[in-house]
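Asker: using only what follows, build the 3D model:
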Amino acid sequence: HVQLVESGGQSVQAGGSLTLSCEVSGDIHCLAWFRQAPGKEREGLARTYIKGPGVLYADSVKERFTVSRGPGRNTHTLTMGMLQPEDTAMYYCAATGSNWCPLRRENYDYWGQGTQVTVS
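Answerer: Model (predicted):
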């Protein structure tokens, strides 16, 4: 059974940085980060393979956001820099056991509860 738990969301000032964490239990193949602002579609930010190299970033965040792993093999992080008010959203980690995992919402079977990031 796969479970995902996000943490780290908070209010930050524009220009600041923030790191979100996702604790994963269960066997997954890919882990991704998404966000959803009020009134907007859920947006894919980054995807990583659990057992292989390579990270895919959305063009909108690739210069400012970084995914990594640790401390601990079941902890995944999203570090966000140069935050702007338009980055305000609920942030989610998501996972799938499939090895086909493009950065689209419908490809992910498991979702965390979300963590709120507010930039002002």
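Asker: per-residue pLDDT, the spatially most central residue of the chain?
Answerer: For the chain, the residue nearest the mean C-alpha position is W33 (2.2 Å; C-alpha atoms, centre = their mean). W33 carries a pLDDT score of 98 in this model.
Asker: for it, give me its contacts.
Answerer: The contact partners of W33, by C-beta atoms under 8 Å, 6 or more residues apart in numbering, come to 20, 22, 44-47, 65, 67, 78, 91-94. Every C-beta, even on glycine, is put in place using the N, C-alpha and C of the backbone.
Asker: ok, those vs V119, which is closest?
Answerer: Within those, the smallest distance to V119 is 11.6 Å, found for Y91 (C-beta to C-beta).
Asker: on that earlier part again, now, which of the contacts of W33 sits nearest R104?
Answerer: Using C-beta to C-beta, G44 is the member of the contacts of W33 that lies nearest R104, at 6.3 Å.
Asker: listing partners with orientation, what would you give for the helix or strand where that closest one lies?
Answerer: Using DSSP states H and E, G44 falls within strand 43-49. Next to strand 43-49 in the sheet, as set by DSSP bridges, lie strand 30-36 (antiparallel), strand 55-57 (antiparallel).
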